[in-house]
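Peer 1: below is the sequence, then the predicted model.
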Amino acid sequence: MDSVDAVAPTPVVLMLPGQGSQYSGMAHGLYGTEAVFTRVVDEVLGLLGAEGRRIRDDWLAERPLVEIDDVTRAQPLLFALDVAYGTLLASWGVRPVALVGHSAGEYAAAVLAGIMNLPDAVAALGTRVRALAGAPRGGMVAVGASPALLRPWLTSQVVIGAVNAPAQVMIAGPEPQLSAVTDALDAGALTWMRAKATTGFHSPSVESACASTRSAYERIAYRAPRTVVVSGYTTRPLAEPQLSDPGFWAMQPARTVLFGPALSHLLDADGPVGGGPVLLVEAGPGQGLSMLARRHPAVKRNGSAVVPLSPMRAGAQLDREQLAVAAGKLRDRGHRLGHRAPAAADPALAPSAAATPSTPSTPSTPSTPSTPSTPSTPSKREREDQRWTATAGAA
């Protein structure tokens, strides 16, 4: 009996990141080299038609026409990459016991859990992005303080947008009101930092835009999740009446994200995974949720571990190295991975914040999304890759 057989697999919880986790060059090293990942990204962007092609071109370009932080690029790309990372993990044979998303990550979690199918979700996403593009310019700011401590500085327009930990929140709102609040925070000697957003997500400034998208969500056929999804808006497993409420999904970009409390519930002894040790796998760009999770007291208390699938910064080699490191950690925790998972990597090669990023390069990719390169009969592996793409909600 080998060592993997002797270890019971540690249950996996997927964490799906949202707005603010995007960065130039993200996942370039996987696109065109990881077949399942590439096919899912191409399917999502293909469903967006001509705009999807423009999004792909800007994502892969050294000098994009529209910057990555713009809502018309960040939102669809984060959704596509989150779903692609989650589907890639499923193709290795990993079945999570629960999912939790931050902001837009919850929408990707809904697809991976089978709450909505991919074409319906992408159609509504396109409507959401177009509506948010017309919202007032604004932003989000990370502040090292509790919601209660910040209350004197908040206004009717600048509000708590996200609670990530007891003393780590995001405030959000339109400009120039948001800048006025940060000036006041400076005077109050509070530490803050701008997030990567050009819109005041999770604030009243986007409520009108979100409300206008309700009809798009009314066209979706909602289903019970195949895997538990702990909502970052209710802090509990998604269930009725929210599960099939079009208004719940339409208004998410305007509502406060409660990722910290949701993670606490997930890790609690009375939570959906029973409080035992779990492997928290961040399936999306960057390592923002991994850093939050590592600081959570329950992670150390119950012997859990955190594994990001993506590096912290751009670099094709870093993308592939981090994926191999993650596969190794899954194997160390008892998971027998399929042939699609990368071979074990030298832990000394694990990408880190101190690593020098390689220059983002244009990967060897299909010339257009969802277009096969040749009409030849697909191989057995290609047919399996296509099956994983067709069942992207396989978590």
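Peer 2: That came in fine, so what should we check first? Residues are numbered from 1 along each chain as shown.

Peer 1: output the longest helix belonging to this protein.
Peer 2: Secondary structure of the chain per DSSP state H: the longest helix is helix 71-91.

Peer 1: and that helix, what does it pack against?
Peer 2: Judged by 3 or more C-beta pairs under 8 Å, 6 or more residues apart in numbering; DSSP states H and E, helix 71-91 is in contact with strand 12-16, helix 35-47, helix 49-60, helix 105-112, helix 118-133, helix 380-390. C-beta coordinates here come from the backbone N, C-alpha and C atoms, glycine included.

Peer 1: quick one: name whatever helix or strand follows it.
Peer 2: Remark: after helix 71-91, the chain's next helix or strand is strand 98-101, criterion DSSP states H and E.

Peer 1: neighbouring strands - and their directions - for that next one?
Peer 2: Sheet pairing here is set by DSSP bridges, and for strand 98-101 it gives strand 12-16 (parallel), strand 228-230 (parallel).

Peer 1: of these, flag the one that's most buried.
Peer 2: Among the strands paired with strand 98-101, ranked by average contacts under mean count of other C-beta atoms under 10 Å, first place goes to strand 12-16 (a mean of 28).

Peer 1: now do that one against helix 71-91, angle only.
Peer 2: Here strand 12-16 points in a direction 170 degrees away from that of helix 71-91 (axes from the mean of the first three to the mean of the last three C-alpha atoms, to 10 degrees).

Peer 1: re the thing from before, to V307, which of the helices and strands packed on helix 71-91 lies closest?
Peer 2: The closest of those to V307 is strand 12-16. By C-beta to C-beta, the value is 8.7 Å.

Peer 1: where along this structure do the strands fall?
Peer 2: Taking DSSP state E as the test, the strands found in the chain are 12-16, 98-101, 138-143, 159-165, 168-174, 192-194, 228-230, 279-282, 305-308.

Peer 1: packing partners of the third one?
Peer 2: Just to be clear, that refers to strand 138-143. Taking 3+ C-beta pairs under 8 Å, 6+ apart as the contact cut, strand 138-143 packs with strand 168-174, helix 177-187, strand 192-194.

Peer 1: the first one packs against which elements?
Peer 2: Meaning strand 168-174. Under the contact criterion of 3+ C-beta pairs under 8 Å, 6+ apart, the helices and strands touching strand 168-174 comprise strand 138-143, helix 147-150, strand 159-165, helix 177-187.

Peer 1: try 7 Å
Peer 2: In terms of contacts (3 or more C-beta pairs under 7 Å, 6 or more residues apart in numbering; DSSP states H and E), strand 168-174 is packed against strand 138-143, helix 147-150, strand 159-165.
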